[in-house]
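have a look at this fold, sequence not included:
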């Protein structure tokens, strides 16, 4: 497992559908060592902290394994890493392999998986397509967010080491499916609703779904 690309970016004012929008979804691939501390990688900054960034969405990772699919699906054969606004483009990690609460070391940084990505309209800005959010959601290729558990430094080419596997074994793919399934597995839903590593907003949504399932 390794980090095949590292990308960062800050707020940018762009025009979209006749309006001005502030977004940080445009990331530039960078070489060399970057410091990872607080809630950010050096050189990266979120625009709207009400829905992006913070402890549970400090760093976004996307599997490089998905790029061949998207290059074909979007008819973009030159689609470059960082094209979905991710900070880390990874090799050897997919949503079905990675579990909420799994802890990884990259360079001297330790990161913990917190949730899948649920994209907003700004992904449409990045790819200049109105249908990309629907396509992204339908594909199940969500990528995943990390919290920063140990500050340090990393760079492109670093190995990714699994430090600890979460014993609950709720994969990112399972969490994504739970959120949108018409008939979620109630036992897994219980685990997800109480998972201490899961982002609080997702835990709350799972708890609400669990309550509804109980009433059903």
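Here it is on my side, so go on. As the structure is a prediction and not an experimental result, all values here were calculated from the model.

what lies in contact with the lengthiest helix in the chain?
Secondary structure of the chain per DSSP state H: the longest helix is helix 200-215. Applying C-beta atoms under 8 Å, 6 or more residues apart in numbering, the external contacts of helix 200-215 come out as 56, 115, 175, 178-179, 184, 186, 189-190, 192-195, 198. For the C-beta atoms, the positions are set from N, CA and C on the backbone; glycine is no exception.

if we use 10 Å, what do you get?
Contacts of helix 200-215 with the rest of the structure, by C-beta atoms under 10 Å, 6 or more residues apart in numbering, involve 51, 55-57, 100, 114-116, 118, 145, 170, 175-176, 178-179, 181, 183-186, 188-199.

nearest the geometric middle of the chain, what residue?
residue 144 (2.9 Å; C-alpha atoms, centre = their mean).

dump the residue contacts of the closest residue to that one other than its chain neighbours.
Using C-beta to C-beta, 6 or more residues apart in numbering and skipping the chain neighbours, the partner closest in space to residue 144 is residue 172 (4.6 Å). Listed by C-beta under 10 Å, 6+ apart, the contact set of residue 172 reads 61, 93-100, 102, 113-117, 140, 142-145.

helix/strand/coil for residue 89?
Put simply, residue 89 is strand when judged by DSSP: H, G, I helix; E, B strand; the rest coil.

right, and residue 37 touches residue 109 too?
Yes. Under the criterion of C-beta atoms under 10 Å, residue 37 makes contact with residue 109 at 9.0 Å.

neighbour count for these two, which is higher?
For residue 37 versus residue 109, neighbours defined as other C-beta atoms under 10 Å are more numerous around residue 109 (22 against 14).

show the pLDDT at the more buried one.
pLDDT recorded at residue 109 is 98.

also residue 146?
Turning to residue 146, the model gives it a pLDDT of 97.

element containing it?
Using DSSP states H and E, residue 146 maps to strand 144-150.

ok, and for that strand, which residues are buried?
Residues of strand 144-150 classed as buried: 144-149 (neighbour count, 16 or more other C-beta atoms under 10 Å).

rebuild those residues as a markdown table, extending it with distance to residue 71.
A markdown table is the format used below for those (distance: C-beta to C-beta, whole Å):
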| residue | distance to residue 71 |
| --- | --- |
| 144 | 21 |
| 145 | 24 |
| 146 | 25 |
| 147 | 30 |
| 148 | 31 |
| 149 | 33 |
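
buried ones in stretch 151-158, by neighbour count?
Going by neighbour count (16+ other C-beta under 10 Å), the buried part of stretch 151-158 is 152-154, 156, 158.

among those, which are in strands?
152-154 (DSSP state E).

partners of the closest residue in space to residue 107 that isn't next to it in sequence in the sheet?
Leaving aside its sequence neighbours, residue 107 sits nearest to residue 154 (C-beta to C-beta, 6+ apart; 3.4 Å). Residue 154 has these beta-bridge partners by DSSP bridges: residue 34.
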